[in-house]
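**Q** heads up, no residue letters with this:
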């Protein structure tokens, strides 16, 4: 026996039989002993003599007893303590296992699940101790024992006792409190106040080592390690081990922040983040998948280091001074999307990641999201994202949220199954993911009023109301939320009863609203600009103070040709890095009208006639077609004989004339008119095709309308409202010859689209999102309350009847034209379905605009194709757009 062992054995002979030394550390030596009273093995830790001399027996014993009451499955309990023959010691259970240090020395890296489980168990122990006011202060692999794989934290209280007893005299011992690799920055700089967040930092360092095979900071000496802890960010854990899940990497990044206030508020919160697959931070570079964006506190630098750095800068300023870095060039290019069979009115179709490197668009196979990275040539389908609408990125850019068949889904860009967060969305919609972990989306109250709600970004989180619609002020709905980066407010759109739309901001958390300007959608750019669209298809940027929620300058025009939908222009986005992307409005592109046979073969209606066609429709006898021709922000109605001959302009005046419909006798065409740039309006005019006679106003509806259709007998004119509100998309009917009183046909809290009347006028097909996705329904007309059939089993839009009444056509979610065999007398019945052809190669349909019609014999279909076989929309991408905006501001 050595002398210290013999002395200790003699000093404790009345209580313990000390057998042998089993370990030694920086502050203590560990001995295996037999507890004579309880006949059990114990481990006795004896403080190093030099430390014991400084502490003093009485103070040490008093302080260490405060930890004896800690009782937790993952805390190694304190059995006994005292002073004997100059030894300061305490006894704890002997664990027949190994330390985490021994395991790491043997295996270097642990399995991800095992590492997370160990960390979570230790975090639970720490949270318990912290709730009792006890901070460990020395979490490290050596102090984590593994008993049959179950971690137990040892030495709870020794660091507390040492620091409390020794106070500022630790330097006298030549020892340090805390192991350098796992010290928090505040411990490394000898801060007086150490909080529970220091333990969280140390535990995160241990977890980092279990995953990466090395601690967060390495160095040749303790001083070098400490300097790195206080001045440098660790290498991202995913760079050392790519398989580490994004949420684990993000949780480590937050737990290893330099400033305690930037870390998790508790060890439990750290553990929850490790177990939450969708936890992310707004990090942009550092420990986790994205690291830390925090501004480092310069007080963490030691005084000597600061002086040395300043001296170096002063001496070398003449030749170290950096030259001005030239501004990055503005790069603009287009991306062809190809044939995109999407149907969007409430959601938008594109999103760009915060770093500007990933574009996501809708319209892949089976409605999947399409992904294109900056270094790739084409979009590729994103697995497990079928029927996706309204994509939006998580704050860290690693995941994409989207709407799918009434559900809020989230999928990781790296792959894996999509996760459902909520299944109660109902209508398709755009959403936004805030940096504080909340999702903002539309919701309907019991009265069907649509406003903005918010929920935490986790499965099953409850939805809470956020904004309140002010009906007394003429508001009817709130939609299109956009979370601001500072987390203090969101942007959104207010819809008014008169059709006006206003961009507004709502403060967090009370939802207090500040109106900003008229517009159809807004996004915030990180250079302090508010990017917003107006109903005339223009995109603007204006300086905006996101803290004060005030406009701070004059708007600058960005683009005058972005697409509009039912709720206005929505297809644009801007990354935090300054990349702008928006869809090109192809309404004025050259197109041709084509006949498409039931087998999908096509031929031009008139190969010499190319224009910006929209809303083609055939006369009841099939002899004529009417079509809208778009140019700039206006459009006109033209008539053409199908058999051949020149086209004739029908509409007159400077208004925007759109969406033609044939009257029952086939001798006149009605159309919807509005002032240029005003969007939809409620005026329906009728004019004979023979010419000479002026147009007659048959409907003056205050609400914006679209999709007009006449009943076969000519008695009814059926339209739908386009105001996004409670009961939006209501289908209305009016009998012009019977006083012109407008009556609701289908008016619910859901959104209805695309009314289409059967040849006998007894049935109406229409589209509704009541099931959580768009489906085609058939109801009796004009009294729909007696029966109802769902004609599309798996999603559909744009219904049209065959003139014989034996078929009902519609487009499914993949833009395939479906033929449903039906009977309409004596009652309605469906007999079967078949797919005719893929219609995605033609000008895409809108849920509120049908761009095809059916011939009188139902053997071919009038559709629109881009001239020269150029199919699909295009995106305009502007890299370094912030620089371009700087120049515009100087003009």
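**A** Structure received. Keep in mind that this is a model prediction, so the values were computed, not measured.
**Q** hey, where'd the strands end up in the stretch 751-891 of the chain?
**A** 752-757, 763-768, 775-780, 789-790, 797-801, 807-811, 816-823, 829-838, 852-854, 860-866, 873-879 (DSSP state E, counting those that start in this stretch).
**Q** who wins for proximity to residue 382 among those strands?
**A** Residue 382 sits nearest to strand 873-879 of all those, at 16.6 Å, using C-beta to C-beta. In this view, the C-beta of every residue, glycine as well, is placed from N, C-alpha and C.
**Q** pull up the pairing partners for the closest one, direction included.
**A** Its sheet considered, strand 873-879 pairs with strand 331-338 (antiparallel), strand 580-583 (antiparallel) by DSSP bridges.
**Q** any idea which of the ones you listed is most buried?
**A** Here the criterion is mean neighbour count by mean count of other C-beta atoms under 10 Å, and of those the winner is strand 580-583, at a mean of 24.
**Q** contacting residues around the helix or strand just after that one?
**A** On the C-terminal side of strand 580-583, the nearest following helix or strand under DSSP states H and E is strand 591-597. Residues from elsewhere that reach strand 591-597 (C-beta atoms under 8 Å, 6 or more residues apart in numbering): 602-607, 609-613, 616, 625, 627, 837, 839, 842-843, 855, 859-867.
**Q** sorry, back to before: and residue 92, which of the strands paired with strand 873-879 is closest to it?
**A** strand 580-583 (61.0 Å).
**Q** where's that closest one relative to the chain centroid, distance-wise?
**A** 18 Å (C-alpha atoms, centre = their mean, to the nearest Å).
**Q** residue numbering should commence at 264 henceforth.
**A** Okay, using 264 as the starting number, the last item reads as strand 843-846.
**Q** about what we covered before: make JSON lines out of the strands of the stretch 1014-1154 of the chain and add mean pLDDT, mean neighbour count and distance to residue 276.
**A** Below are the strands of the stretch 1014-1154 of the chain laid out as JSON lines (pLDDT from 0 to 100; neighbours: other C-beta atoms under 10 Å; distance: least, C-beta to C-beta, whole Å):
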{"stretch": "strand 1015-1020", "mean pLDDT": "92", "mean neighbour count": "24", "distance to residue 276": "91"}
{"stretch": "strand 1026-1031", "mean pLDDT": "95", "mean neighbour count": "26", "distance to residue 276": "87"}
{"stretch": "strand 1038-1043", "mean pLDDT": "96", "mean neighbour count": "22", "distance to residue 276": "86"}
{"stretch": "strand 1052-1053", "mean pLDDT": "96", "mean neighbour count": "14", "distance to residue 276": "88"}
{"stretch": "strand 1060-1064", "mean pLDDT": "94", "mean neighbour count": "23", "distance to residue 276": "89"}
{"stretch": "strand 1070-1074", "mean pLDDT": "96", "mean neighbour count": "25", "distance to residue 276": "91"}
{"stretch": "strand 1079-1086", "mean pLDDT": "96", "mean neighbour count": "19", "distance to residue 276": "90"}
{"stretch": "strand 1092-1101", "mean pLDDT": "95", "mean neighbour count": "13", "distance to residue 276": "91"}
{"stretch": "strand 1115-1117", "mean pLDDT": "97", "mean neighbour count": "21", "distance to residue 276": "99"}
{"stretch": "strand 1123-1129", "mean pLDDT": "91", "mean neighbour count": "21", "distance to residue 276": "97"}
{"stretch": "strand 1136-1142", "mean pLDDT": "82", "mean neighbour count": "20", "distance to residue 276": "79"}
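**Q** adding distance to residue 744, write those out as CSV.
**A** Shown next, in CSV, are those (distance: least, C-beta to C-beta, whole Å):
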stretch, distance to residue 744
strand 1015-1020, 23
strand 1026-1031, 24
strand 1038-1043, 26
strand 1052-1053, 31
strand 1060-1064, 25
strand 1070-1074, 29
strand 1079-1086, 33
strand 1092-1101, 35
strand 1115-1117, 34
strand 1123-1129, 34
strand 1136-1142, 23
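**Q** to residue 839, which of those strands lies closest?
**A** Residue 839 lies closest to strand 1136-1142 among the strands of the stretch 1014-1154 of the chain, at 13.2 Å (C-beta to C-beta).
**Q** ok and the closest one relative to strand 1123-1129, angle-wise?
**A** Here the directions of strand 1136-1142 and strand 1123-1129 differ by 20 degrees (axes from the mean of the first three to the mean of the last three C-alpha atoms, to 10 degrees).
**Q** run the chain-centre distance for strand 1136-1142.
**A** 21 Å.
**Q** quick one: average pLDDT of the strand or helix carrying residue 463?
**A** For residue 463, the host element (DSSP H and E) is helix 459-475. For helix 459-475, mean pLDDT is 97.
**Q** now do stretch 679-699
**A** In the prediction, stretch 679-699 has an average pLDDT of 83.
**Q** give the buried residues for the following helix or strand past the helix holding residue 463.
**A** Sequence order places helix 485-494 as the next helix or strand after helix 459-475, per DSSP H and E. Neighbour-count burial for helix 485-494, with 16 or more other C-beta atoms under 10 Å as criterion, is recorded at 488, 489, 490, 491, 492, 493, 494.
**Q** give me the average confidence score over helix 485-494.
**A** 84.
**Q** just to revisit the earlier point, got the strands paired with strand 1136-1142 as JSON lines, with distance to residue 1033 and mean pLDDT columns?
**A** Output for these, formatted as JSON lines (distance: least, C-beta to C-beta, whole Å; pLDDT from 0 to 100):
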{"stretch": "strand 594-601", "distance to residue 1033": "30", "mean pLDDT": "77"}
{"stretch": "strand 843-846", "distance to residue 1033": "28", "mean pLDDT": "86"}
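**Q** just send those back as TSV, with distance to residue 640 too.
**A** Below are the strands paired with strand 1136-1142 laid out as TSV (distance: least, C-beta to C-beta, whole Å):
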stretch	distance to residue 640
strand 594-601	10
strand 843-846	17
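**Q** pretty sure residue 402 sits against residue 462.
**A** Yes. Between residue 402 and residue 462 there is a contact under C-beta atoms under 8 Å: 5.6 Å.
**Q** list residues touching both of those two?
**A** In terms of C-beta under 8 Å, 6+ apart, residue 402 and residue 462 are both contacted by the residues residue 389.
**Q** got a pLDDT number for residue 412?
**A** Residue 412 is assigned a predicted lDDT (pLDDT) of 82.
**Q** er, residue 1130 I mean
**A** At residue 1130, pLDDT is 67.
**Q** cool, residue 271 as well?
**A** 88.
**Q** please apply the same query to the one 3 residues further on.
**A** Looking at residue 274, its pLDDT stands at 88.
**Q** and if you look at residue 926?
**A** Looking at residue 926, the pLDDT reads 96.
**Q** quick check: closest non-adjacent residue to it.
**A** In space, and not counting its chain neighbours, residue 926 is closest to residue 973: 5.4 Å by C-beta to C-beta, 6 or more residues apart in numbering.
**Q** number of nearby residues for that neighbour?
**A** Residues lying near residue 973 (other C-beta atoms under 10 Å) number 23.
**Q** bridged to it, which residues?
**A** Listed beta-bridge partners, residue 973: residue 980 (assigned using DSSP bridges).
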